[in-house]
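Novice: Next come a sequence and a model predicted from it.
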2 protein chains.
Amino acid sequence: MADDSAVVADFPAAGHDHARCLAGALATAEALCRHRGLRLTELRRQVLELIWAEHRPIKAYELLERLRERRSGVAPPTVYRALDFLLQEGLIHRVESMSAYIGCSAPERRHPVQLLVCRRCAAVAELADGEIEALLRRKAQGLGFEVDSATIELEGVCPQCRG
Amino acid sequence: MADDSAVVADFPAAGHDHARCLAGALATAEALCRHRGLRLTELRRQVLELIWAEHRPIKAYELLERLRERRSGVAPPTVYRALDFLLQEGLIHRVESMSAYIGCSAPERRHPVQLLVCRRCAAVAELADGEIEALLRRKAQGLGFEVDSATIELEGVCPQCRG
DNA sequence: CCTAGAATGTTATACCGTACCGAATATGCC
DNA sequence: GGCATATTCGGTACGGTATAACATTCTAGG
Ligand SMILES: [Zn+2]
Ligand SMILES: [Zn+2]
Ligand SMILES: [Zn+2]
Ligand SMILES: [Zn+2]
């Protein structure tokens, strides 16, 4: 049986209460960092907030622009350092096929990541499907390959864009 | 049951007859292009040959360097155009996690691609596993998502490097 | 030939990411 | 509090990846 909880984040509905997404993500991040003894500094919090601002993948240099509206003279290393921290802690994911970043919807637990990316509107759904993970691991094991991490991204058209 | 033919290319053995890999890949490409009414020009053939030269992923600018040993004054667009053609025709695959390119071991048929990349030696195994493909498609369908293409890459340690 | 389309040459530039160094800031200990 | 230490951040410079735009050459078909 498929485990429904594997869908960490469905495609966001058009009129959903996104202020709630944002507030929730920030609160979770705060709690998580406190629990892990890490510092969610003002910079990191701002970057996370900007990433969640659109509920869509955002590129590093776009992030840089937005960040400059609040902090003067910010350079690429500043934003990349914040991204590294957020990636490291599982608070965001990198969308490889877009060189972009998106907030994780279940950062409180480490999980496999499978992303569904709409090529029309760039909306992203996030899976944390153990069945996929297990199948891939099993196939790899058949070749004597030990999996450390996986990049799973599906490109296609989301329900909204299929109309 | 798992279909063994899903393993398009296992990790290359240390002392394998690579001249044979290279010759086979070029011959297949030639036949395939003739069959499709496409032109495997000298440039494209040379790029494909350079990609197969090491039986490992190779980066675009490294390719550019190598190509310059044979052709003077080659610029990035030249190599990227050749790469585009080879990708389009399924003669090579892009390794997203490395921004690199590797020859396809079964270009004569269109197939799903799953890559296993060794983080120690950069060797790559290529799967064309229908079971993985089907599972992903089924999971996506559960969200009303229509899959056009997929990027599946597993990073880990290959049998040789595990020792 | 002549011509239209394809392929390649050429220049310039945009975009993505990091090495490196030094300043500021937080943390733990006396 | 004062001090040493480690982390975080500012800022410069640069390297790696990829494409836009336009000129030129090549190729196949009439
Ligand atoms: Zn939202
Ligand atoms: Zn969409
Ligand atoms: Zn070989
Ligand atoms: Zn290896």
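Specialist: Yep, it's here. Ligands and ions are numbered 1, 2, ... in the order given.
Novice: Buried residues of the longest helix along chain A, list them for me.
Specialist: In terms of residue count, the longest helix belonging to chain A (DSSP state H) is helix A:18-36. Buried residues in helix A:18-36, defined by neighbour count with 16 or more other CB atoms under 10 Å in any protein chain shown: A:C21, A:L22, A:A25, A:L26, A:T28, A:A29, A:L32, A:C33. C-betas here are computed from N, CA, C, even on glycine.
Novice: contacts for the following helix or strand past that helix?
Specialist: Later in the chain than helix A:18-36, the nearest helix or strand by DSSP states H and E is helix A:42-52. For helix A:42-52, contacts defined as CB atoms under 8 Å, 6 or more residues apart in numbering or on different chains pick out A:21-22, A:25-26, A:29-30, A:40, A:58, A:63, A:66-67, A:70-71, A:78-79, A:82-83, A:85-86, A:91-92, A:101-103.
Novice: and the following helix or strand past helix A:42-52, what does it pack onto?
Specialist: The helix or strand immediately downstream of helix A:42-52 is strand A:58-59, counting by DSSP H and E. Other helices and strands packing on strand A:58-59, by 3 or more CB pairs under 8 Å, 6 or more residues apart in numbering or on different chains; DSSP states H and E, are strand A:100-103.
Novice: So A:E131 lies in a helix, does it not?
Specialist: Yes. If the criterion is DSSP: H, G, I helix; E, B strand; the rest coil, then A:E131 is within a helix.
Novice: Name the SS class of the residue nearest to A:P159 when sequence neighbours are not counted, please.
Specialist: Excluding its sequence neighbours, the residue lying closest to A:P159 (CB to CB, 6 or more residues apart in numbering or on different chains) is B:G144, at 3.5 Å. Secondary structure of B:G144, reduced to three states by three-state DSSP: coil.
Novice: State the number of residues packed around B:G144.
Specialist: Around B:G144 there are 14 other residues, counting by other CB atoms under 10 Å in any protein chain shown.
Novice: So what does it have for phi and psi?
Specialist: phi 80, psi 20 (degrees, to the nearest 10).
Novice: still on that earlier bit, contacts for the longest helix of chain A, please.
Specialist: Here helix A:18-36 makes contact (CB under 8 Å, 6+ apart) with A:12, A:39-40, A:45, A:48-49, A:52-53, A:55, A:89, A:91, A:103, A:105, A:107-108.
Novice: which of those count as buried?
Specialist: A:P12, A:L40, A:R45, A:L48, A:E49, A:W52, A:H55, A:E89, A:L91, A:G103, A:S105, A:P107.
Novice: tell me the least confident of the residues you listed?
Specialist: pLDDT across these is lowest for A:H55, at 92.
Novice: On the three-state scheme, A:H111 is what?
Specialist: Relying on three-state DSSP, one would call A:H111 coil.
Novice: contacting residues for it?
Specialist: A:H111 neighbours (CB under 8 Å, 6+ apart): A:V8, A:A128.
Novice: okay, and for chain A, where does confidence drop off?
Specialist: A:1-5 (pLDDT under 70).
Novice: Could you report the neighbour count for A:S149?
Specialist: 12.
Novice: For it, list each beta-bridge partner.
Specialist: For A:S149, the beta-bridge partners are B:E155 (DSSP bridges).
Novice: Quick one: name the residues of chain A near DNA strand C.
Specialist: Counting by CB under 7 Å from any atom of the strand, the positions of chain A adjacent to DNA strand C are A:R39, A:K59, A:A60, A:Y61, A:E62, A:A75, A:P76, A:P77, A:Y80, A:D84, A:R94, A:S99.
Novice: And those, which is closest to B:R162?
Specialist: A:R94 (27.0 Å; CB to CB).
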